[in-house]
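*Asks:* What follows is a protein structure lacking sequence information:
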Ligand code: ADP
Ligand code: ZN
Ligand code: ZN
């Protein structure tokens, strides 16, 4: 007996941290179709004076509000939930874990077109099959015969596939002759199928690779880290482990840290498997995103390669998640819903009882710590593939070197030597643009960003000064704006300047610049790979973009121009990140038959951490970083969360966070396992015209943290906050 209407608890895209209660309109009650209201379905609801799309999260029998005042929903959009219950619960868990407003978080994990209320697309595929039996009399064209022969041996092939292999005109010629017909094939849910053949044979694993593979189990949840040096063939293990999963009729997700690594990884998987490989990244249309999303959900896509947001893509029957370069901080979303895709992927795998595989040559400290605690399986590959040797590490001590345009005399000689030996050199400098500052030689004035605590970077090609924090762009002044003299000079080095200098010294040698500016061109990475793999001597200048994933065989010299800036940067993860960057960039060298070496230019060759890296290895370097974090009670030895706030007025944001601190204190006074720091300014105090501060909470146990944050965010919902102040929670931050 239903004597009371059920209440729908709906997530609405607002910054409020609550669900909103709605009633079901009478016409639904009368037709007795209330069972259509299931968590995970979208509803159209009146909200203030607008109509919004919300998601049903729960159905309750009672409400804290006046029942008579609750509004009915306007429409039920979906007949069935958008995603499975397990996945929907995972979404809710994610919002709760990061203490992000539930409506904002939940709606953000769905494709934009679903947020707008659009229906799921139909996913039919255009296919061709043989119509009549044919003979060689039907055509003289070799291409046409090949196509016919192929279609004769299978049931059908997709239009896309045939077009790629034989070309549009071959297909239409045969269609005209009535030898083949097209049809629309709609996939049903049973379709996660594995074809009989691989497109490419797996490589014969070496002993270390084989041992790692043998330790991976497809059965249930487990988290394994492949801690394998650069060039040790981790990708081949991904491929062979994925094969086992795919053969079991299950889907595989591969996460990569950056959009320009998606294509490479996608190529690896689609070259190997005759299966549907789809990608997700920020550079796709909303229609494409929704189509791929739907195909993944229906099991029509077998392999998904994508950047961090793909952790929320639904699957029909997921069997494995791979997280390549697990240490990479790009996995952490740095604004809005600040989730870590790596950490969420592990939770998702746990929910689904499937394995998750992390890979890195430079694992993060927190992952190593989880291995030490036996939460993750720690698997090693210590040798590179084949005869390739690990790179040799050296210092260039800048204290006794002449230096010109950021390149020491010794470094220049090394580059010359490399080129004349017919080899390639990689110059690493983690700063794009021409120079990080424009400076007046007469009065010392520097051109700052009007909105941030930072200098404007000179971009010579664009003839602009650009702020790398807020994108503020302005023309390059001809004279000093302070003393009106003609004495402005660029100071410091960026990729453009190094490029200009090296092109001057080596006019006949190709010099490639790889940074965010240069790589915007379509197919930039593909072209680069083709040219560099052409094996001619060349020089590549790159930012951190060049440190990841690239497998070039002829680089023998790697030169890190600026080690010192990052070494003394005060953020808690910076030294760890420096070690990772340098080890990764070193790993781009010597991947073929010729050994590689890396040179670090520095004024601090006696710095204990750098010495560890150069004379020992990354693991030993990380041990030192680890001890330091332990002593300073920082992650992973404490759980850290930040209340971040910003405002156009620094006093308002500071007062707000002082208030937050006093609320926190009243909920839970500090003790030996819980402590508070701040308000403190963020590393970049002013950015885009807003003053940024934070309040740190550190606890010994995770449960203490969550309990506290739950109470705190609840109470913050009840206090009055100045309208200029924005605030958010950052759980497990990677920067301050
Ligand atoms: P990592 O990701 O560990 O840096 P890669 O996966 O890029 O290393 O592998 C480096 C190179 O070694 C690639 O060109 C890859 O094709 C090759 N490779 C991997 N495993 C084998 C193997 N078992 N036999 C021969 N070559 C291999
Ligand atoms: Zn001046
Ligand atoms: Zn700025």
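*Replies:* Cool, got the structure. Small disclaimer: the values here were computed from a predicted structure and weren't measured. Ligands and ions are numbered 1, 2, ... in the order given.
*Asks:* Could you use CA atoms for every contact and neighbour count after this?
*Replies:* Will do.
*Asks:* Near ligand 3, which residues of this protein? Just list them.
*Replies:* 449, 451-452, 467, 469-470 (C-alpha under 5 Å from the ion).
*Asks:* Pick out the least confidently modelled helix or strand of this protein, by mean pLDDT.
*Replies:* helix 26-30 (a mean of 76; mean pLDDT, DSSP states H and E).
*Asks:* Can you name the next helix or strand after that helix?
*Replies:* Using DSSP states H and E, the helix or strand that directly follows helix 26-30 along the chain is strand 42-47.
*Asks:* which residues are contacting that next one?
*Replies:* With contact meaning C-alpha atoms under 8 Å, 6 or more residues apart in numbering, strand 42-47 is reached by 51-56, 71-78, 81-82, 117.
*Asks:* Any of those residues buried? List them.
*Replies:* The neighbour count (16 or more other C-alpha atoms under 10 Å) marks 52-56, 72-74, 76-78, 81-82, 117 as buried among these.
*Asks:* Pick out the most distant pair among those residues.
*Replies:* The distance between the two most remote of the buried ones among the contacts of strand 42-47 (C-alpha to C-alpha) is 21.5 Å, for 72 and 82.
*Asks:* list the contacts for the closest residue to residue 229 other than its chain neighbours?
*Replies:* Nearest residue to residue 229, sequence neighbours excluded (C-alpha to C-alpha, 6 or more residues apart in numbering): residue 361, at 4.6 Å. The neighbours of residue 361, taking C-alpha under 8 Å, 6+ apart as the test, are 227-230, 325, 584.
*Asks:* Helices of the stretch 501-650 of the chain, start to end?
*Replies:* All helices of the stretch 501-650 of the chain, identified by DSSP state H, counting those that start in this stretch, fall at 524-533, 564-567, 574-586, 608-615, 618-631, 650-667.
*Asks:* among those, which is the most enclosed?
*Replies:* Among the helices of the stretch 501-650 of the chain, helix 574-586 has the highest mean neighbour count (mean count of other C-alpha atoms under 10 Å), at a mean of 22.
*Asks:* That one near ligand 1 at all?
*Replies:* No - using C-alpha under 6 Å from any ligand atom, helix 574-586 stays clear of ligand 1, coming no nearer than 8.9 Å.
*Asks:* quick revisit: tell me the one of the contacts of residue 361 nearest ligand 2?
*Replies:* Checking the contacts of residue 361 against ligand 2 with C-alpha to the ion, the nearest one is residue 584 at 41.1 Å.
*Asks:* and the helix or strand hosting residue 345, what other elements does it pack with?
*Replies:* Using DSSP H and E, residue 345 sits within helix 341-352. On a contact count with 3 or more C-alpha pairs under 8 Å, 6 or more residues apart in numbering; DSSP states H and E, helix 341-352 meets helix 85-97, strand 318-324, strand 355-360.
*Asks:* what are the ranges of the helices in the stretch 201-350 of the chain?
*Replies:* Under DSSP H, counting those that start in this stretch, the stretch 201-350 of the chain gives helices at 207-214, 234-247, 259-272, 286-298, 341-352.
*Asks:* For residue 550, which of the ones you listed is the nearest?
*Replies:* Closest among those, using C-alpha to C-alpha: helix 259-272, at 8.5 Å.
*Asks:* Point out where this protein drops to low pLDDT.
*Replies:* Along the chain, segments meeting pLDDT under 70 span 1-4, 30-34, 186-197.
*Asks:* So which residues on it come close to ligand 2?
*Replies:* Proximity of the chain to ligand 2, by C-alpha under 5 Å from the ion, involves residues 440, 443, 480, 482-483.
*Asks:* residue contacts, residue 463?
*Replies:* Residue 463 sits next to 475-476 when contact means C-alpha under 8 Å, 6+ apart.
*Asks:* do the same with residue 20
*Replies:* Applying C-alpha under 8 Å, 6+ apart to residue 20 gives the contacts 8-12.
*Asks:* The same query, at a cut-off of 10 Å, please.
*Replies:* Residue 20 sits next to 7-12, 45, 47, 54, 56-57, 63, 70, 103 when contact means C-alpha atoms under 10 Å, 6 or more residues apart in numbering.
*Asks:* quick one: which of the buried ones among the contacts of strand 42-47 is nearest to ligand 2?
*Replies:* Nearest to ligand 2 among the buried ones among the contacts of strand 42-47, with distances taken as C-alpha to the ion, is residue 52, at 54.9 Å.
*Asks:* The closest one: what secondary structure?
*Replies:* strand (DSSP: H, G, I helix; E, B strand; the rest coil).
*Asks:* does it have beta-bridge partners, and which?
*Replies:* Counting by DSSP bridges, residue 52 is bridged to residue 45.
*Asks:* That one reaches residue 77, doesn't it?
*Replies:* No - checked against C-alpha atoms under 10 Å, the pair residue 52 and residue 77 is beyond contact range at 11.7 Å.
*Asks:* which residues do the two both contact?
*Replies:* Taking C-alpha under 10 Å, 6+ apart as the contact rule, the neighbours common to residue 52 and residue 77 are 43-44, 117.
*Asks:* List, out of those, those positioned next to ligand 1.
*Replies:* For ligand 1, no contacts are drawn from those by C-alpha under 6 Å from any ligand atom.
*Asks:* which one of those residues is nearest residue 683?
*Replies:* If you rank those by distance to residue 683 using C-alpha to C-alpha, residue 117 comes first, at 39.7 Å.
*Asks:* can you pull the contacts of the nearest residue to the closest one once chain neighbours are set aside?
*Replies:* Take residue 117 and drop its neighbours on the chain: the residue closest to it by C-alpha to C-alpha, 6+ apart is residue 53, 6.6 Å away. By C-alpha under 10 Å, 6+ apart, the residues touching residue 53 are 10-13, 42-47, 74-77, 107, 114-117.
*Asks:* Apply 8 Å and report the result again.
*Replies:* By C-alpha under 8 Å, 6+ apart, the neighbours of residue 53 are 12-13, 42-45, 115-117.
*Asks:* now residue 660
*Replies:* residue 716.
*Asks:* Relative to residue 694, how far out is it?
*Replies:* Residue 660 sits at a distance of 10 Å from residue 694 (criterion: C-alpha to C-alpha, to the nearest Å).
*Asks:* and the residue of the stretch 51-200 of the chain nearest ligand 2?
*Replies:* Closest point on the stretch 51-200 of the chain to ligand 2, by C-alpha to the ion, is residue 100, at 47.4 Å.
*Asks:* What is the neighbour count of residue 679?
*Replies:* Residue crowding around residue 679 was assessed by other C-alpha atoms under 10 Å; the count is 23.
*Asks:* wait, I meant residue 493
*Replies:* Number of residues near residue 493 (other C-alpha under 10 Å) recorded here: 23.
*Asks:* Just confirm it is within a strand.
*Replies:* No - secondary structure of residue 493 (three-state DSSP): coil, not part of a strand.
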